[in-house]
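# I would like the atomic coordinates for the input below:
(2 chains)
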Amino acid sequence: MDINLTLIGQAIAMAVFVWFCMKYVWPPLLGIIEERRTTIADGLAAADKGARSLEDAQVRITAIVEEARGQARSILDQAQTRANGIVDEARAGATQERERILQSAQADIDQQINRARDELRAQVAAITVAGAEKILAREIDPRAHQDLLDKLAAQI
Amino acid sequence: MSVAGEKTSAEYIQHHLTHLQVCKDESGAWVWNECSGNFFAVNVDSMAVAILLAIFLGWLFRRVAVKASVRTPGRLQSFVELVVDFVDGSVRNTFQGHNRLIAPLALTIVTWVFMMNLMDLIPVDFLPYAFESTGVAEYLRVVPTADVNVTFGMSLSVFALILFYSFRVKGAGGFFGELTMSPLNPKTLGVPVVLWPLVMIFNLVLESVALLAKPLSLALRLFGNMYAGELMFILIALIGLYQLPLHFGWAVFHILIITLQAYIFMMLTIVYLSQAHEHH
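Got it, this is the predicted structure:
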């Protein structure tokens, strides 16, 4: 257990080893550790930012969807209204058309009736005159009694 | 695995506690293992193991440092970074000043002392027996930190740094003031000026003892622990077959001592150097 030159040898070895570590080991390793620390911090910050922008996007998406839904609803409403209008218009047109057709048919019928009545009247007058002619024989001058016959015919 | 068969127990222990030494005798020729009391002897086994371990650690760290990657660290890199980060944290927590030397110094100390202590876990007869039976070396002690020269070599280096930084940071006057004006400050003590030198001398004696105790305790604590551990392994190796469970138990317990002593040596170095940087 003597003290000897080994002491100085160890001191020299230690100085060399410390110098080596100080120059070639410590700075690069600590640099790597620091760099990784900043990389991780940056990554976490970026992740936070991403999460926040995702939230923002979610909010925007909700707003857009809500707006689109509103638009769709109003378009549907409009379409419904429009369809109702078209149906109403069509119904009104059809009713008018029916009225018109009915009226013209009525008018035709009236016309027919009048015409038939006129013909009938003329024929009755002719038959009456012929009857009267037969009854009165030649006694009666149709021209002299024309006004009387017309009056008779008008009364039928 | 005991070679005690040919030797008595005392001889066996003596053999295990003898360093492989080389020195020059009076005639100037190199002689082996006849250097008792000669200061200019070198414990070849301690130096060789210490330097080999230093080279191994230096090579390992350098390899990791060169190949290190920020994004995809390998297992070895992660482990080395863990150690570096731990040392860095210890230094940051204890040492408030700015000094580029202290962190690498602490890394060197903790890893190197740990590796040197770890040699204690190699079964005590493996290397000595191998070297002796092949005729390479008659003696071999593989635990450098169980050599008092090695621990003093490191603690006195730390002591030199303590003195160097004390002088540089505080100046000669400041350092001398620290040694003489505390713990009893004559200015606040209320003693007449004539008696001040007396108080200062008293302080100087106390503080010198405290200062000198730093390297002494640093070296002897490590040496004592490792020497005692080594001796325990040697004694356990003497008892024959029953040594196996004992050896295992002591080895497991010794892992704690190995780590703890390396950590203590590092922490105290940081604390002492931190004190050397404190300005009053």
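# for B:Ser69, which non-adjacent residue is closest in space?
B:Gln77 (7.2 Å; CB to CB, 6 or more residues apart in numbering or on different chains). (C-beta placed from N, C-alpha, C; glycine too.)
# then B:Ile162?
Nearest one to B:Ile162, counting by CB to CB, 6+ apart, is B:Ala276 at 4.7 Å.
# surely that neighbour is in contact with B:Val169?
Yes. Between B:Ala276 and B:Val169 there is a contact at 6.7 Å, judged by CB atoms under 8 Å.
# related to what we said a few turns ago, report how many residues lie close to the residue nearest to B:Ser69.
As a burial measure, B:Gln77 scores 18 neighbours (other CB atoms under 10 Å in any protein chain shown).
# now it: how far from B:Leu163?
The spacing between B:Gln77 and B:Leu163, counted by CB to CB, to the nearest Å, is 37 Å.
# same question for A:Met14.
Distance from A:Met14 to B:Leu163, by CB to CB: 16 Å.
# and B:Leu156, by the same measure?
Distance of B:Leu156 to B:Leu163, computed by CB to CB: 10 Å.
# the more surrounded of the two?
Neighbour count, other CB under 10 Å: between B:Leu156 and B:Leu163, B:Leu156 has more, with 19 against 14.
# that one touches A:Gln10, doesn't it?
No. Counting by CB under 8 Å, B:Leu156 stays clear of A:Gln10, with 9.2 Å between them.
# okay, now the closest residue to chain B within chain A: neighbour count?
Of all residues in chain A, the one sitting closest to chain B is A:Gln10 (2.9 Å; CB to the nearest CB). Look at A:Gln10: counted by other CB under 10 Å, it has 26 neighbours.
# re earlier: B:Ala276 and B:Val169: which is more packed in?
Set B:Ala276 next to B:Val169 and count neighbours by other CB under 10 Å: B:Ala276 wins out with 23 against 15.
# could you say which helix or strand holds the more buried one?
Assigned by DSSP states H and E, B:Ala276 belongs to helix B:243-277.
# contacting residues for the residue nearest to B:Ser69?
B:Val64, B:Lys67, B:Ala68, B:Ser69 (CB atoms under 8 Å, 6 or more residues apart in numbering or on different chains).
# model confidence at it, what's the number?
At B:Gln77, the pLDDT value in this model is 90.
# do a quick rundown of the strands in the stretch 1-150 of chain B.
B:21-24, B:30-32, B:42-43 (DSSP state E, counting those that start in this stretch).
# which of those sits most buried?
Among these, strand B:42-43 has the highest mean neighbour count (mean count of other CB atoms under 10 Å in any protein chain shown), at a mean of 26.
# which strands and helices sit next to that strand?
helix A:6-20, strand B:21-24 (3 or more CB pairs under 8 Å, 6 or more residues apart in numbering or on different chains; DSSP states H and E).
# for whatever residue of the stretch 151-280 of chain B ends up closest to chain A, helix, strand, or coil?
Nearest to chain A, among the residues of the stretch 151-280 of chain B, is B:Gly153, at 2.9 Å (CB to the nearest CB). The local conformation at B:Gly153, judged by DSSP: H, G, I helix; E, B strand; the rest coil, is helix.
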